[in-house]
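**Student:** build me a model:
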Amino acid sequence: MNTFEELGVMPEIRKAIEEMGYAAPMPVQEEVIPLMLGEAGDIIALAQTGTGKTAAYGIPILQKTEAGQHRPQTLILCPTRELCLQIASDLNDYSKYMKHLSVLPVYGGSSIESQIKTLSKGVQVIVATPGRLMDLMNRRVADLSGIRNVVLDEADEMLSMGFAEDIEKILSQAPDERNMLLFSATMPKEIARITGKYMHTPREIVVGEKNKGNENIRHIYYMVHAKDKYPALKRIADYYPNLYGIVFCRTRRETQEIADKLIHDGYNADALHGELTQAARDYVMQKFRNRNLQLLVATDVAARGLDVNNLTHVIHFGLPDETEAYTHRSGRTARGGKTGISIAICHIKEKGKLRKITDAANCRFEKGTIPNSKTICEKQLFNFADKIEKVKVNEEEIASLMPSIFRKLDWLEKEDVIKRIISLEFNRLIDYYQNAGEIEDAEEKQTGAGNKKNREERRKLSSGQAEEGMKMLKLNFGRRNGLVPAQLIDLVNHCVKGRRVEIGRIDPHDDFTLFEVGKGDAGRVMDAMNSFEADGKAIVVKPAAEKGYRAKNSKGDNNRGYKGYREKNKKRKKYN
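**Tutor:** Below is the predicted model of the structure:
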């Protein structure tokens, strides 16, 4: 293995990174640093998050920066405010012993006047989110004419967030002779198009395998019924007492509701989503980085660009639609050569997604069994005993207090003291699991009995019969309208305000969709959704007929319902 000195890194930077604990270069650094310090050229580096990408491009960029020229020489684009600040902080740390070198983070949610003032004084390196940089360019205060290097960090994330047009406008303003460096975890088609247009015979560096997840991550899935997803999450959190991780949810509402439930149930958790103010986001992230939170519940968009070390787990409260999203989620753990666990809590309709992710990301999922009550209590108790065993005792500080404590507890035997300590700490947990039933595995083996049960389930679903405690509803949008189950869930969450709706089985047809909701929610769902329209057509939700609805022309039946409802409700909210 090479050393940083052998890679050609200058003494000032070596001194700074050694103080930061950099002992030897990581694989992506060994590949990229010599190329960037040598002859100029474009580079595409495919590597997972946490593999040392920032130092790979940051060290040679700083080394080749002319500190005497007070104008932007390097532009680094990244998807989020959090990553922007993290990159700028790292570059400032690397350049600690380099004089007269300035790095400016440019991002939304902060004073643009302050950023303009700093730019006017002269900076050599700009780290920016595309939106705020476009604002500065439109005001003619961000001069890119002297840019020598453009870095796209987490390029796939930026494109998935809709920054493609901004990126192209920014690149068109940079000099043609500049070098371009693209760092990404995956290589979707949109990136290939941009690289073909703006890069000149780039060198491609792949750390690991293209589009493959981190091999230090263990992938586990649990197959449960939809109603059991939250209880399963609680059991997983209890089974891993030292868990420190992120729970990914699909929507803002689900994110907030899951976080609220966890807080109510005594977990150190909080939510991170797009409806929070910037001050609230910063406060939540500060708590999480300081490990005052055990669980951060987040949407994919809110968590993009987060740079938090030492996460033990990533938990998917349902699988994402895109394989790349799963790869990015999982890559939040097992960073810097460490190991981590990625857990997916799935229901039976997500088996197809599971296969798709397995094939595309080339990762192997283990089938997990939800821990039973006895196992969880044992795990928690042994963890607590281990903490007692390893606790540091400050003899001098407590010496004066102990005689009175010994007198107070002298009448108790050692076994009694231990039992009382355990009970004091764990009575709530033990009481909960004593009364909690076990969670059923929703994945049926393909046996004769299993197939018979599946056929019976399909028969009940097609006849409009709901499971116990559920109500079957019928929506006048189906496959011909482009509606898929994930969009139905989003539609319900968007239209129905208040507490989260429990959604059961979903059965899409060409012109309509059947779906189950909790009986107590059925009226609320119909009232709310029937006040919306989508694609210029009124949304109509009504109870599914118990018998014979297939004999009707479903399209005509829905149109009659739609026409009648429009006459009574001329003003409808639009769902986009």
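**Student:** point out where this structure drops to low pLDDT.
**Tutor:** Within the chain, the stretches with pLDDT under 70 are 1, 40, 48-50, 208-214, 304-305, 336-337, 444-464, 545-576.
**Student:** how far away is L319 from S172?
**Tutor:** As judged by CB to CB, to the nearest Å, L319 and S172 stand 37 Å apart. Quick note: C-beta positions are derived from backbone N, CA and C, even for glycine.
**Student:** and for C495?
**Tutor:** 41 Å.
**Student:** neighbour count for the two, which is higher?
**Tutor:** Set C495 next to S172 and count neighbours by other CB atoms under 10 Å: C495 wins out with 20 against 11.
**Student:** contact partners for that one?
**Tutor:** 525, 528-529, 531-532, 539, 575 (CB atoms under 8 Å, 6 or more residues apart in numbering).
**Student:** neighbours around the nearest residue to E366 once chain neighbours are set aside, how many?
**Tutor:** Sequence neighbours aside, I220 is the residue nearest to E366 in space, at 4.9 Å (criterion: CB to CB, 6 or more residues apart in numbering). Each residue near I220 was counted by other CB under 10 Å, and the total is 17.
**Student:** just K189 next, same as before
**Tutor:** K189 has 8 nearby residues by other CB under 10 Å.
**Student:** next up, phi/psi of it, please.
**Tutor:** Dihedral pair for K189: phi -60, psi -40, per degrees, to the nearest 10.
**Student:** got the contact list for R499?
**Tutor:** For R499, counting by CB under 8 Å, 6+ apart, the contacting residues are E257.
**Student:** same thing but 10 Å
**Tutor:** Residues in contact with R499, defined by CB atoms under 10 Å, 6 or more residues apart in numbering, are 253, 257, 260, 520-521, 524.
**Student:** let's verify it: helix, strand, or coil?
**Tutor:** The local conformation at R499, judged by DSSP: H, G, I helix; E, B strand; the rest coil, is coil.
**Student:** how much space between it and T369?
**Tutor:** 30 Å.
**Student:** look up how far L37 lies from T65.
**Tutor:** Taking CB to CB, one finds T65 at 12 Å from L37.
**Student:** my bad, Q380
**Tutor:** Distance from Q380 to L37, by CB to CB: 52 Å.
**Student:** who's more crowded, those two?
**Tutor:** For Q380 and L37, the more surrounded residue by other CB under 10 Å is Q380, and the numbers stand at 19 against 16.
**Student:** element containing that one, please.
**Tutor:** For Q380, the host element (DSSP states H and E) is helix 373-390.
**Student:** how about residues contacting that helix?
**Tutor:** Applying CB under 10 Å, 6+ apart, the contact partners of helix 373-390 are 234-242, 369-372, 418, 421-422, 425-426, 429-430, 432-438.
**Student:** one more time with 8 Å
**Tutor:** For helix 373-390, using CB under 8 Å, 6+ apart, the contacting residues are 235, 238-239, 241-242, 371, 421-422, 425-426, 429-430, 433-434, 436, 438.
**Student:** out of those residues, which sit inside strands?
**Tutor:** If you go by DSSP state E, the contacts of helix 373-390 have nothing in strands.
**Student:** top of the residues you listed by neighbour count?
**Tutor:** Going by other CB under 10 Å, R235 tops those with 24 neighbours.
**Student:** touching, that residue and I345? I think so.
**Tutor:** No: if you go by CB atoms under 8 Å, R235 and I345 don't touch, sitting 10.0 Å apart.
**Student:** can you get me a residue count around the closest residue to I263 other than its chain neighbours?
**Tutor:** Excluding the flanking residues, the one nearest I263 by CB to CB, 6+ apart is A269, at 5.6 Å. When neighbours are counted by other CB under 10 Å, A269 registers 21.
**Student:** look up phi and psi at A269.
**Tutor:** According to degrees, to the nearest 10, A269 has phi -140, psi 160.
**Student:** ok, it - contacts?
**Tutor:** Neighbouring residues of A269 by CB under 8 Å, 6+ apart: 247, 259, 262-263, 293-297.
**Student:** could you pull out the helices for the stretch 251-400 of the chain?
**Tutor:** 252-264, 278-289, 300-303, 323-330, 351-361, 373-390, 395-398 (DSSP state H, counting those that start in this stretch).
**Student:** so which of the ones you listed comes closest to R132?
**Tutor:** Nearest to R132, of all the helices of the stretch 251-400 of the chain, is helix 278-289, at 12.6 Å by CB to CB.
**Student:** relative to helix 252-264, how tilted is the closest one?
**Tutor:** With axes from the mean of the first three to the mean of the last three CA atoms, to 10 degrees applied, the angle from helix 278-289 to helix 252-264 works out at 50 degrees.
**Student:** could you point out which element follows the helix or strand encompassing L62?
**Tutor:** Assigned by DSSP H and E, L62 belongs to helix 53-63. Next helix or strand after helix 53-63 toward the C-terminus (DSSP H and E): strand 74-77.
**Student:** put the alpha carbons of that next one into CSV.
**Tutor:** Written as CSV, here are the backbone C-alpha positions of strand 74-77 (Å, rounded to 0.1, in the frame of the first residue of the first chain):
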residue,chain,number,x,y,z
THR,A,74,-12.4,25.1,-8.4
LEU,A,75,-16.1,24.5,-8.3
ILE,A,76,-17.6,21.6,-6.3
LEU,A,77,-21.3,20.8,-6.8
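**Student:** so which elements touch it?
**Tutor:** On a contact count with 3 or more CB pairs under 8 Å, 6 or more residues apart in numbering; DSSP states H and E, strand 74-77 meets strand 125-128, helix 130-138, strand 149-153, helix 164-173.
**Student:** what lines up beside that strand in the sheet?
**Tutor:** strand 125-128 (parallel), strand 149-153 (parallel) (DSSP bridges).
**Student:** touching that strand from outside, list them.
**Tutor:** 57, 61, 65, 87, 124-130, 133, 144, 147-153, 158, 167, 170, 174.
**Student:** show me which of the contacts of helix 373-390 is closest to S400.
**Tutor:** I421 (22.1 Å).
**Student:** and that closest one, what is it in contact with?
**Tutor:** I388.
**Student:** repeat for Y107
**Tutor:** Y107 neighbours (CB under 8 Å, 6+ apart): 81, 84-85, 128-129, 132.
**Student:** what do you get for E254?
**Tutor:** 317, 493, 500.
**Student:** cool, M10 as well?
**Tutor:** Contact analysis of M10 by CB under 8 Å, 6+ apart lists Q63.
**Student:** what's it sitting at in phi/psi?
**Tutor:** Backbone torsions of M10, given as degrees, to the nearest 10, read phi -70, psi 150.
**Student:** related to what we said a few turns ago, run the chain-centre distance for the helix holding L62.
**Tutor:** With CA atoms, centre = their mean, to the nearest Å as the basis, helix 53-63 stands 26 Å off its chain's centre.
**Student:** stretch 486-500 now?
**Tutor:** 20 Å.
**Student:** quick one on the thing from earlier: quick check: angle from the helix holding L62 to strand 149-153?
**Tutor:** Orientation check (the same axes, to 10 degrees): helix 53-63 against strand 149-153 gives 170 degrees.
**Student:** which elements pack onto helix 53-63?
**Tutor:** Using 3+ CB pairs under 8 Å, 6+ apart, helix 53-63 sits against helix 11-19, helix 27-37, strand 43-46, helix 81-94, strand 149-153, strand 179-184.
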